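A.B. asks: Only the shape, not the letters, is given here:
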């Protein structure tokens, strides 16, 4: 398939691996920011192709994972309201709150629907004027434009029965929080390619300057990631720290100006609590005052939420790259995608769930693999 | 369906029926009452479609001969079909209900002979839809060489069903001396897949979720008994066969690996997937290894037979894309390990729940 096969090409991948091998002279710890990148690493076994000196640690870039338990409980309380059609992206449905998940609510009679585009939720609102339609607007900068578009569209169409439960998060403040921590191990970042497609990468310059860590904006296919790694390792070995773009086919320095204008029209920056990490200043987006009428939090009374997180779970450390899934005693035993204890297991793009999906919980007994084909 | 043959319509089937039957164009609760309307449904719709001497007797059971398979054993299987929508690109619930059970029999090395069909109809279902489904089932039975010999119909209140649910059971015969078993696989055996993965699941999803793809993708629903017949003639030593339906290739391989206490190693580059299916899976965040198929099979065979068997399969219309996708190994029993396209390895795990589309 065009634009895909060339980025999964084994010859190109091996060439990059050899270039990395010849470049590395000492150990480096590199964090890929996005859950999608973590997924690619374990799906294609990229970490196992790299020299042992290169350690990949997995970043906080899974928006489903980092959505706070309070927000999930609030979503469930709203979805349980009679007369509400609750619309969500599919992977939010299985995320457990303090009392079950959205799929369980659906089985109990709540009207919970999966949408592929936020605009579908607007269409549902227009078609069901006697119902309150609530869209769970989560995600990083990547999903902010379509979510903003849904709000804008609802306003233009004069819909009074549409609202959004907004739990948007932003990448750069989370990267700063990781670097500020005294136990930080991250020496370079593979930057979030799709986030930068939307907002560009100007924001990363000050981070590089302040902390002296290379940031290479990187795509999501195996060859993309190996190229990003080679560029990051080259910077580390040469003692440089710059913002570089390894995802030029999708990312322009300024991003997508129309999308940025739309985000800015609808949303403003706020502080946000991240599951597993805690409150990070300036790390979220909320509706601007002019659009507050579309805020589901203002529209539905939700009683005080008491949440309880597992005391075994180390997802906070995993999200910051301090520890890895296998370091957790519960990984693959008490904590699985069916019964997740914390943030990094709840969505397929969380580091623990990705490790589990690709069988890394079997690795106590090292794999002996004979390929017969 | 061949274009020269007109489809059965309600008018064809029911047009000659005296009042009061023709005044209804929808399923009524009375069609499940066991009374006159039920009998009309049987005589005017089901019997003409599936006519054979065993069904015609309309007894509470069909008594069937197994000759000329006097020394054969019986294979017996059942499955229920609840697919939505009832009609989808490449098939419908009726075709699926015939193929699914026929294929389950064929995977055991059986020659499928007889089917039963139980219909649960929702009050209000257009009779034209039912006629279309029955018509399609008849064609599927003819194609698969099976006779539908007994059946049942119930009608549930409007809102208590989803149009039509169909349960089919099937009987086939397994020739003496033929034993296929998921527990028979040995290290060194090769794993063969008969064609592309994921066509059915993605075709259903493309219509169910209102996704508008630029190309139409058709379900692969098809009877596989002809293919298994030529396969077993060419290679009687086939260890086992499975059709990777719900849960996809991954679940089918896991079942075999567990039953035989062996591991399996796959090569991602050898697994055929249509570009449209790959594209849809990329967009939706799905993995073709877990998507349902309704016209494909996997076979585990002794290593010396594999290449010859693939050539035999490729000569059959249902196996043109057949390929060796991996091998059985004594390493990592119960585990499926795959070499990725770029040369790394991953473990292919069992699917936890339904695959949910991801957001980015």
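C.D. replies: In hand now; what should we look at? Nothing here was measured: the structure is a model prediction, and the numbers come from that model. Numbers count the residues shown, from 1 in each chain, chains lettered A, B, ... in the order given.
A.B. asks: in the chain, which residue is closest to the centre?
C.D. replies: Let's take chain A. Centrality entry for chain A: nearest residue to the mean C-alpha point is residue A:62, 2.1 Å, by Cα atoms, centre = their mean.
A.B. asks: ah, I was thinking of chain B
C.D. replies: residue B:100 (2.6 Å).
A.B. asks: three-state assignment of the closest residue to it other than its chain neighbours?
C.D. replies: Sequence neighbours aside, residue B:79 is the residue nearest to residue B:100 in space, at 5.0 Å (criterion: Cβ to Cβ, 6 or more residues apart in numbering or on different chains). From N, CA and C alone the C-beta is placed, and that goes for glycine too. When classified by DSSP: H, G, I helix; E, B strand; the rest coil, residue B:79 comes out as strand.
A.B. asks: does chain B sit close to stretch A:58-68?
C.D. replies: Yes. Stretch A:58-68 is in contact with chain B by Cβ under 8 Å from any Cβ of the partner chain, via A:63, A:64.
A.B. asks: End to end on that stretch, go ahead and measure it.
C.D. replies: With Cα to Cα, to the nearest Å applied, stretch A:58-68 spans 19 Å between its terminal residues.
A.B. asks: model confidence over it, on average?
C.D. replies: Across stretch A:58-68, the average pLDDT comes to 91.
A.B. asks: now do stretch A:86-98
C.D. replies: 88.
A.B. asks: ok, and for the helix ranked longest in chain B, which residues are buried?
C.D. replies: Of all the elements of type helix in chain B, the one with the most residues (DSSP state H) is helix B:127-144. Buried residues in helix B:127-144, defined by neighbour count with 16 or more other Cβ atoms under 10 Å in any protein chain shown: B:127, B:129-141, B:143-144.
A.B. asks: before we move on, what about stretch A:123-135?
C.D. replies: Residues of stretch A:123-135 classed as buried: A:123, A:124, A:125, A:126, A:131, A:132, A:133, A:134, A:135 (neighbour count, 16+ other Cβ under 10 Å).
A.B. asks: Inside strands: which ones of those?
C.D. replies: Judged by DSSP state E, strands contain the following of these: A:132, A:133, A:134, A:135.
A.B. asks: the strands in chain B, which residues?
C.D. replies: Under DSSP E, chain B gives strands at B:73-81, B:87-88, B:91-92, B:111-122, B:147-156, B:164-174, B:190-193, B:240-242, B:263-267, B:298-301, B:323-329, B:336-339, B:345-348.
A.B. asks: for those strands, which one sits closest to residue A:154?
C.D. replies: Shortest distance between residue A:154 and the strands of chain B, using Cβ to Cβ, is found for strand B:87-88: 32.5 Å.
A.B. asks: For the residue nearest to the centre of chain A, which non-adjacent residue is closest in space?
C.D. replies: Using Cβ to Cβ, 6+ apart, the nearest residue to residue A:62 is residue A:35, at 3.2 Å.
A.B. asks: now do residue A:303
C.D. replies: residue A:77 (7.4 Å).
A.B. asks: surely the one you found meets residue A:300?
C.D. replies: Yes. Between residue A:77 and residue A:300 there is a contact at 7.4 Å, judged by Cβ atoms under 8 Å.
A.B. asks: Need the residues touching each of these two.
C.D. replies: Residues touching both residue A:77 and residue A:300 by Cβ atoms under 8 Å, 6 or more residues apart in numbering or on different chains: none at all.
A.B. asks: Can you identify the element that follows the helix or strand hosting residue A:145 toward the C-terminus?
C.D. replies: Assigning secondary structure by DSSP states H and E places residue A:145 in helix A:144-156. Note on helix A:144-156: by DSSP H and E, the next helix or strand toward the C-terminus is strand A:162-169.
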